[in-house]
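[1] build me a model:
(chains A and B)
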Amino acid sequence: MDSYAKRKYIIVLIFILVGIAYVFKLFELQVIDATYKQTATKNVLREVVEYPSRGLIYDRNGELLVSNQAAYDLMATPREIGVFDTVQLCQLLSISKREMDNALNKAKKYSRYKPSIVVKQISPEKYALLQEKMYKYPGFYFQIRTLRSYGYNFAAHVLGYVGEVNQRALRNDAYYRSGDYYGITGIEKSYEKELRGDKGASFLLVDVHNRVKGSYEKGRLDTSAVKGKDIVTTLDAKLQEYAEQLMQNKAGSVVAIEPSTGEILAFLSAPAYRPEDLVGRKRGENYPKFLADTLRPLTNRAIQGQYPPGSIFKMLNGLIGLHEKVITPRTKFMCNHGYHVGTFTQGCHHNQEFSLTASISQSCNAYYAYTFRRILEAKHLGGVKQGYERWREHVVSFGFSKKLSEEFNEELKGFVPTSDYYQRRVFPYSKWRALPLISLAIGQGELQTTPIQMANYAAILANRGFYYKPHIVKAIADSKISDVFMKKHFTTIDSIHFEKVVEGMEDVLSYARHGTAFNSYIPGISICGKTGTAENPHGADHSTFIAFAPRENPTIALAVYVENGKWGNLYASKIASLIVEKYINGEIQESSKRIETEMFNSNLLYSNKPNYIKYK
Amino acid sequence: MVQRNNTIINIDWITVLVYLALVLAGWINIYSAVYNEEYNSIFDISQRYGKQLLWIGFSLILAFFIMVVDSKFFVTFGYFIYAAFILLLLLVLFVGKEVNGARSWFVVGSFAFQPAEFAKYGTALAIAKLLSSFNFNFKELINKTKIVAILIVPVALIILQNDTGSALVYFVFIIPLFREGMSGLILFFVAFFASLFIFSLLISPLLIVIVLLIVTLLIVLVMKRSWSYIMNSLLLLIVCSIPFLLYLLLIKKEVIDFYFVLLRASILSSVILIIISILKRIPQIPLVVSIFLTSLFFTFSVGFAFSNILEPHQQARINNLLGVESDPLGAGYNVNQSKIAIGSGGFTGKGFLDGTQTKYDFVPEQSTDFIFCTVGEEWGFIGATFVIITFLFLLIRLVILAERQRSVFSRVFGYSVASIIFFHFTINIGMTIGLAPVIGIPLPFFSYGGSSLWFFTILLFTFLRLDTSRLEQLH
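    Have a look, this model is predicted:
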């Protein structure tokens, strides 16, 4: 009678099939696929970050160089913003209505429920004013951040600056979130990991409107912020300040090292900017200005300025000559207004016979032309090319043509040509000869060195044959610094040869010995130095000087570069000896005051001559 | 031998218990979904769970009244009840309140009432009445017309209210009609073209052509039980594809586009096959091949209509449903949050009141349309599966009850009740786990809301009332 009764099975089958399909889907969603659980946690968990304060930076004597100051970011949660007097708020913040509208639109685009920064880094003073009026602006609130604050406004290039993280840092380091700060240059960058500390986080449960509903797991996972580690630098704040005063209105750099440790006592590049000019809101205005400045205040000349070493290089050639036994301390060469071979002449300003010490104190070019040629043509080395390679080996052992510091990421290597270089450029078709390379004898030609390398060179001479890598950090919180800085690096020159060279260097400041820098003599201190002139094809030559003092058990070694200072004894030697005097005696004696005033007042920055300086 | 009619004894207590279990489970989950520490009493009338308790109480009173009504009432007044709800549907178009763009609610004070919900009840009665009429026969055109008329009037009115989702429910009357003898092909085609529609948007056209080819060949194989037809058809297909291949290679000098070749070759070979089989009087083949051709054109036109006729936001909604585009904060936001909530429940769930996604409002409409999220999150796979099994149990129980009726009226009505619950169950749970379109229809007995709860209570208990009198003669 009911011919379709069997159809009930089809209907029940349809019901059951749907049920089975749903159970399978649920099994996939709930049991197999874990991503939904993670997303759910992300949905309800809001991480509230507690920012640690950045580590402080001290000088070697415990003077506070860098500390922190409070700043306030004005935050806004678009959904909670009510009706408010835009004009008044803009006036209080001293921003234009357009800036406010832009910021709010950006915030809305990011999220209507999550807060965004509207105005960054409001000063504590302005914050105090605004705070009592905030009730008028629902949806706005302040978030505290810390900014750098400087006890002394110097050592900009050593300390470096802090800024907002870029996209690359965000990608490479999970520590950072958009809007975080990190060190961009100097110590702030090289010791970022130590200085930044650990962020704290509290995990809160929030609803879909981002309203806090309670703490997650009763706060078991919450961590508090750990302050960044304090750093004690090797800098001597007083010496640094003094050096910067001497270098004012000049371009160039000073690097002073304690030879017995490699600790950097003073380190500057001039002209510099004031560290506080790159803090907080001022950074936005100043940074492009500095970047566009033709004097390049952002460039760190001490590690990025590559100059030909000039006459300062002569001691090294002397040492190599002694070590390779092509000269002895008694060897004398005749200087007849220079060095002449056939039609070739390397000029000099003397007409007399020179020994090694005198050649240093009076900076004779001919002496080194002879010596250099003898090194390259030395029989036991077996040819000019091999001679050059041996010479280069010695030079490199003094820390040239490589990065010296572990701490300055922007450091340039300088340049000491390899034999391949000359093979390709000078002797591609002919035999190696010494004459085409003769300008290396007096530190010219292709040679390029940086001020920090020259200061290290001074330290090697002070130590009579070894150095510690120059470094700027003495201690990090309570822990010791890296072992890299504890390692003695010996040069390839036998230490017995140094004494004769040092003797010549002391004579450089001697009036009686006609030293080239007798004008920089400081009574009571045995300063050993050497003047130099770094050739500058773009304008006046650069005045350079290296020195260490006292002669026995030296406590300071330094290099001074004054761009467009013409000759070593015009500026660099004076500045160097004043710094030495200040460091060793703690004060400047009356007899040196005249030179000090002269240096304070001299201005080489705005001369009529263009001073193009070529940096890489 | 006629047993006295005793409602208390004859009522199907199993169904009543399942009903009570579902209603209570719904109430507990509503409490959890809108749980708020400030109002933590489950009886607080100012909160949804307090109100739902009132609605439940009122439902039980309704159920009682239905049980004491004479069962002949429903048979006698079937058409009148249907007509009354049609009038209400008409009325709501003019005096109804617009909610979410649909003008489908009567609002009097704080009381809201959606006639579309109850119109299904009237329609079920009317269909039952029609199919149980003396000498009803599906083959007569007049009967077919009557069925279509009964269904089309409420559907049209509901679509006019701009509530397409509720109108889709009327598709399920195919199930009781099928049970009573409607051609199975209609059920098959509705299911076939619905899935074809979804597939044609989901998978590449080339794959669809291949799948259709294989399905068609399989059908031929089953019907003819002979491989020779398959071989000949494939041979014909290969021969037909040669000219198109040559055209591409020699004239257009292009890389071979398999879709281009296969589509044209299958159309050409189909036409040839139909002509040959008609000439040679081979039965069945022309029909099967025609269906294949129709399907091809259907998928083609769906794709065409989709990209050329639909508005971008409509495309987005369909794409999201089908998982073509992932846009968690756009049109698919609700489904995505719902899947996150259910997925995060894991195997055993987070525990009662401990679900974070629903409690903190990440899931929209969490106490009404998306109540299943709370189940999935707090009770896990075990709880969700239990709910599904309970619903299946209820549906199968209803089929069993329907089958034991002596009157066609009761049986048709029973199947209608089961089908309506089935449709709501399928679409509602399906949308929370991303297997069905987001149509705002409630989960029977579970979702918050008096209107829906009363509707399902009346629907279910009317059938139970009919069931208690299954031994009486209703005509």
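[2] quick check, pLDDT for residue 169.
    Let's take chain A. pLDDT, residue A:169: 84.
[3] actually chain B
    At residue B:169, pLDDT is 85.
[4] residues near it, how many?
    Close neighbours of residue B:169, defined as other C-beta atoms under 10 Å in any protein chain shown, add up to 23. From N, CA and C alone the C-beta is placed, and that goes for glycine too.
[5] ok, residue 397 - contacts?
    No chain in the question, so chain A it is. Shown in contact with residue A:397 (C-beta atoms under 8 Å, 6 or more residues apart in numbering or on different chains): A:490, A:491, A:492, A:493.
[6] actually chain B
    Neighbour list for residue B:397: B:12, B:14, B:15, B:18 [criterion: C-beta under 8 Å, 6+ apart].
[7] the last one is in contact with residue B:389, isn't it?
    No - proximity of residue B:18 to residue B:389 does not meet the contact threshold set by C-beta atoms under 8 Å, at 10.8 Å.
[8] out of those two, which sits in the more crowded spot?
    Between residue B:18 and residue B:389, counted using other C-beta under 10 Å, residue B:18 has the larger neighbour count: 19 against 12.
[9] pull the helix or strand that contains the more buried one out as CSV, backbone CA atoms only.
    Element membership for residue B:18 (DSSP states H and E) is helix B:13-33. The C-alpha trace of helix B:13-33 is given here as CSV (Å, rounded to 0.1, in the frame of the first residue of the first chain):
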residue,chain,number,x,y,z
TRP,B,13,8.6,10.4,26.3
ILE,B,14,11.9,9.7,24.6
THR,B,15,11.4,12.7,22.3
VAL,B,16,10.2,14.8,25.2
LEU,B,17,13.4,14.0,27.2
VAL,B,18,15.6,14.8,24.2
TYR,B,19,13.8,18.0,23.8
LEU,B,20,14.3,18.9,27.4
ALA,B,21,17.9,18.0,27.3
LEU,B,22,18.6,20.2,24.2
VAL,B,23,16.7,23.2,25.7
LEU,B,24,18.5,22.9,29.0
ALA,B,25,21.9,22.5,27.3
GLY,B,26,21.1,25.6,25.2
TRP,B,27,20.2,27.5,28.3
ILE,B,28,23.5,26.6,30.1
ASN,B,29,25.5,27.6,27.0
ILE,B,30,23.6,30.9,26.7
TYR,B,31,24.5,31.5,30.3
SER,B,32,28.2,30.8,29.6
ALA,B,33,28.2,32.9,26.4
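[10] buried ones in stretch A:582-589, by neighbour count?
    Neighbour-count burial for stretch A:582-589, with 16 or more other C-beta atoms under 10 Å in any protein chain shown as criterion, is recorded at A:582, A:583, A:584.
[11] circling back to that earlier point, name the helices or strands packed onto the helix holding residue B:18?
    Contacts defined by 3 or more C-beta pairs under 8 Å, 6 or more residues apart in numbering or on different chains; DSSP states H and E place helix B:13-33 against helix B:48-68, helix B:356-359, helix B:371-403, helix B:450-468.
[12] which residues of chain B fall in strands?
    Taking DSSP state E to define them, one finds strands in chain B at B:97-99, B:102-108, B:111-113.
[13] which of these is buried the deepest?
    Greatest average neighbour count among these goes to strand B:102-108 (a mean of 16), per mean count of other C-beta atoms under 10 Å in any protein chain shown.
[14] partner strands of it, parallel or antiparallel?
    According to DSSP bridges, strand B:102-108 forms sheet pairs with strand B:97-99 (antiparallel), strand B:111-113 (antiparallel).
[15] who touches it?
    Residues external to strand B:102-108 that are found in contact with it (C-beta under 8 Å, 6+ apart): B:88, B:91-93, B:95-97, B:99, B:112-116, B:158, B:161-163, B:166.
[16] could you chop the chain up by domain?
    Just going to use chain A. Using automatic domain parsing, the domain ranges for chain A come out as A:52-195+A:221-231, A:237-269+A:296-601.
[17] should've been chain B
    Domains of chain B are assigned by automatic domain parsing as B:1-68+B:326-457, B:70-182, B:198-309.
[18] what would the ones you listed look like in CSV with distance to residue A:225?
    Below are those laid out as CSV (distance: least, C-beta to C-beta, whole Å):
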stretch, distance to residue A:225
domain B:1-68+B:326-457, 26
domain B:70-182, 47
domain B:198-309, 50
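[19] pick the most deeply packed of the ones you listed.
    Counting by mean count of other C-beta under 10 Å, the most buried of those turns out to be domain B:1-68+B:326-457, with a mean of 20.
[20] gap between that one and the chain center?
    16 Å (C-alpha atoms, centre = their mean, to the nearest Å).
[21] one more: stretch A:539-556?
    The chain centroid and the centroid of stretch A:539-556 are separated by 21 Å under C-alpha atoms, centre = their mean.
[22] quick one: mean pLDDT over it.
    For stretch A:539-556, mean pLDDT rounds to 93.
[23] does residue A:249 really touch residue A:603, like I thought?
    Yes - between residue A:249 and residue A:603 there is a contact under C-beta under 8 Å: 4.1 Å.
[24] of the two, who's got more company?
    With neighbours defined as other C-beta under 10 Å, residue A:249 and residue A:603 compare such that residue A:249 has more, 14 against 9.
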